[in-house]
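A.B. asks: task: produce atomic coordinates for the following.
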Amino acid sequence: MRNSSLFLRSGLTVAAASALPFVVAAGSAAAVSGISVSTTGSTVSVTTTACSNVNGSWGTASLLNSRQANFAQGRQVSLSGTSALQSAAWSGVSPGTYTVIVVCSNGTTAGTQSVIVSGPSPTRTISTTASPSRGVMGGMGGGSTDYGTLTLVGGGALVGAGVLATAWFLRRKSKPYRF
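C.D. replies: Next comes the predicted model:
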């Protein structure tokens with residue numbers, strides 16, 4: 001009976017592992033949008049291949065913040081590009097969560113996608129320091145600080161308690177179990 005339950009559990013694990021690629025593929029297929037949105041600093045850009053040129057226009061993209069509800073309320077930018085790829089970009093976007101909507105010039109929606117714009121990354125300046133004029137300074141490495149008696153007694157008590165607790169634990173562990 002023991003071996004059969006082991007085989008049953010391993011069989012269920014193998015079945016779940018073999019089904020995982022299909023679940024991931026189905027989830028990504030449902031999440032596919034006709035647009036691709038990216039951020040670089042405070043610039044948000046969108047690209048698509050779904051729109052066609054109608055009367056010299058590819059379409060319009062709109063950037064909506066969390067308080068805006070529809071396409072007309074967002075920051076609108078005309079798409080530019082070629083029949084292979086159309087794009088639009090917004091610069092100076094403040095940090096927050098936004099929704100990008102692309103509507104082609106024929107009135108169809110190419111896609112909708114959310115994007116998070118993070119704040120500016122801090123810039124680090126690295127400065128050089130002067131090297132010691134007398135070579136490397138040797139010493140105790142911080143061990144030369146004079147601690148008070150109370151600090152030393154407290155540290156000794158903690159070390160002693162740790163040693164006693166370890167000895168007690170190991171002593172209990174070596175005894176056989178009793179019922």
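A.B. asks: drop to CA atoms for contacts and neighbour counts, all remaining ones
C.D. replies: OK.
A.B. asks: what is the least confident helix or strand in this protein?
C.D. replies: helix 2-31 (a mean of 45; mean pLDDT, DSSP states H and E).
A.B. asks: could you point out the helix or strand that follows it?
C.D. replies: strand 35-40 (DSSP states H and E).
A.B. asks: in this structure, what spans have low per-residue confidence?
C.D. replies: 1-32, 120-123, 127-146, 174-179 (pLDDT under 70).
A.B. asks: ranges for the strands of it?
C.D. replies: With DSSP state E as the criterion, the chain has strands at 35-40, 43-48, 59-64, 75-78, 80-81, 86-90, 96-104, 109-117.
A.B. asks: packing partners for the fourth one?
C.D. replies: So the one you mean is strand 75-78. Helices and strands touching strand 75-78, by 3 or more Cα pairs under 8 Å, 6 or more residues apart in numbering; DSSP states H and E, are strand 59-64, strand 86-90.
A.B. asks: how does it look with 6 Å?
C.D. replies: strand 59-64 (3 or more Cα pairs under 6 Å, 6 or more residues apart in numbering; DSSP states H and E).
A.B. asks: output the strand it packs on as CSV, restricted to C-alpha atoms.
C.D. replies: Provided in CSV are the C-alpha atoms of strand 59-64 (Å, rounded to 0.1, in the frame of the first residue of the first chain):
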residue,chain,number,x,y,z
GLY,A,59,-4.7,56.8,-35.3
THR,A,60,-4.4,58.2,-31.8
ALA,A,61,-3.0,57.0,-28.5
SER,A,62,-4.3,58.3,-25.2
LEU,A,63,-2.5,58.2,-21.8
LEU,A,64,-5.0,58.1,-18.9
